[in-house]
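S.K.: quick one: sequence and predicted model below, then my questions.
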Amino acid sequence: FLYSREHQKEDTIVMVNGERIGNGDPHLIMGPCAVESDQQVREVAAVLKQKGVKLLRGGAFKPRTSPYDFQGLGVEGLEILSRVAREHNMAVVTEIMSADQIEEAIPFVDVIQVGSRNMQNFSLLNELGRIDKPILLKRGLSATIEEFKLAAEYILSHGNKKVILCERGIRTYETATRNTLDISAVPILKQETHLPVIVDVTHSTGRKDLLAPAAKAALAIGADGIMAEVHPDPANALSDSKQQMNLNEFEEFYSEIQHFLKRN
Ligand code: PEP
Ligand code: MN
């Protein structure tokens, strides 16, 4: 398999806007769950930038569980995200949900995210394999590590080698957290693949009190980066309002984990 250590011994480094993702200092990928307005993204980005965060996330196409929930601003959201990111020299990480969104998204995006619900959307993976953009592939809601690796193989085997894996929690019988963060997936994926591995602490735990401990654990066990959601006014967010950090909470989170962000 192209993902395997047998195929490639050295770690893959995915370059994003001059940043090296994989094998080196870990990166933070932060920003709101969904792009809601220019002002909202601007407020978050300014604070993130101050702490040296280089990758700005935000959903423009949102895969919501209910069709009646906010579905995202679409291309207008991409425009907002990329405008603000460019002003701060940050990279844009955002999800697209189908192959027919690739072309319109490409000019605005530095990393294309494949959401959990699409991990086995093989026609999407195949198309993403044919482009030259880094892909952040999230583990499926109930996917095994084997299925996760094979989903990455779809992208790799179509020619795109710039794949970043993201553990984001899996569905188990446990209800104390939104999903169960499979922390051991990190060293397993690091051993069995050469791809960068990051951990989404927001969608895995779904609990603000667990974000810093989960991030510390992930970095200690070898993750190449952490994703988390930050919103200027989480109580009024249009999605995931309970689990997003506000700007002060982000600063506390950052000060708790910052010592884990230097590796080399
Ligand atoms: C997200 O990161 O915006 C998201 C929807 O996460 P997931 O696909 O992991 O549920
Ligand atoms: Mn979210």
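M.R.: Cool, got the structure. Computed from a predicted model, the values in this text were never measured in an experiment. Ligands and ions are numbered 1, 2, ... in the order given.

S.K.: pull the contacting residues for whatever residue of the stretch 1-150 of the chain ends up closest to ligand 1.
M.R.: Residue nearest to ligand 1 within the stretch 1-150 of the chain (C-beta to the nearest ligand atom): residue 115, separated by 3.2 Å. No exception for glycine: its C-beta is placed from N, CA and C like everyone else's. The contact partners of residue 115, by C-beta atoms under 8 Å, 6 or more residues apart in numbering, come to 63, 95, 97, 138.

S.K.: equivalent analysis for residue 204, please.
M.R.: Contacts of residue 204 by C-beta under 8 Å, 6+ apart are 167, 168, 169, 177, 178, 179, 180, 181, 214.

S.K.: skip the chain neighbours and tell me the closest residue to residue 57.
M.R.: Leaving aside its chain neighbours, residue 57 sits nearest to residue 31 (3.9 Å; criterion: C-beta to C-beta, 6 or more residues apart in numbering).

S.K.: swap in residue 119?
M.R.: Per C-beta to C-beta, 6+ apart, closest to residue 119 is residue 140, 3.6 Å.

S.K.: any idea which helix or strand carries that neighbour?
M.R.: Using DSSP states H and E, residue 140 sits in no helix or strand.

S.K.: what about residue 22, distance to residue 148?
M.R.: Per C-beta to C-beta, to the nearest Å, residue 22 is found 17 Å from residue 148.

S.K.: compare the two (neighbour count), which wins?
M.R.: residue 148 (26 against 21; other C-beta atoms under 10 Å).

S.K.: number of residues surrounding the closest residue to residue 114 other than its chain neighbours?
M.R.: Take residue 114 and drop its neighbours on the chain: the residue closest to it by C-beta to C-beta, 6+ apart is residue 137, 4.9 Å away. Neighbourhood size, residue 137 [other C-beta under 10 Å]: 24.

S.K.: same check on the one 3 residues further on?
M.R.: The local packing of residue 140 (other C-beta under 10 Å) involves 21 other residues.

S.K.: and residue 129, by the same measure?
M.R.: Residues lying near residue 129 (other C-beta under 10 Å) number 19.

S.K.: ditto for the one 10 residues further on
M.R.: Counted with other C-beta under 10 Å, residues neighbouring residue 139 total 26.

S.K.: kindly report the same for residue 41.
M.R.: Number of residues near residue 41 (other C-beta under 10 Å) recorded here: 24.

S.K.: check the secondary structure at residue 79 for me.
M.R.: Taking DSSP: H, G, I helix; E, B strand; the rest coil as the rule, one finds residue 79 in the helix state.

S.K.: quick revisit: export the contacts of residue 204 to CSV and tack on distance to ligand 1, secondary structure and neighbour count?
M.R.: Shown next, in CSV, are these (distance: C-beta to the nearest ligand atom, whole Å; DSSP: H, G, I helix; E, B strand; the rest coil; neighbours: other C-beta atoms under 10 Å):
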residue, distance to ligand 1, secondary structure, neighbour count
167, 10, strand, 27
168, 4, coil, 24
169, 8, coil, 26
177, 14, coil, 15
178, 9, coil, 20
179, 8, coil, 21
180, 13, strand, 16
181, 12, coil, 24
214, 14, helix, 24
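
S.K.: residue 248: which of the residues you listed is nearest?
M.R.: Ranked by distance to residue 248 (C-beta to C-beta), the contacts of residue 204 are led by residue 214 at 19.2 Å.

S.K.: what's the spacing between that closest one and residue 243?
M.R.: Plainly put, residue 214 is 12 Å away from residue 243 if you go by C-beta to C-beta.

S.K.: list the contacts for residue 133?
M.R.: So, once contact is read as C-beta under 8 Å, 6+ apart, residue 133 ends up touching 106, 109, 110, 111, 112, 160, 162.

S.K.: what's the burial count for residue 50?
M.R.: Using other C-beta under 10 Å, residue 50 has 11 other residues around it.

S.K.: roughly how far apart are it and residue 237?
M.R.: Distance of residue 50 to residue 237, given as C-beta to C-beta: 21 Å.

S.K.: so which residue of the protein comes closest to ligand 2?
M.R.: Residue nearest to ligand 2 within the chain (C-beta to the ion): residue 33, separated by 3.3 Å.
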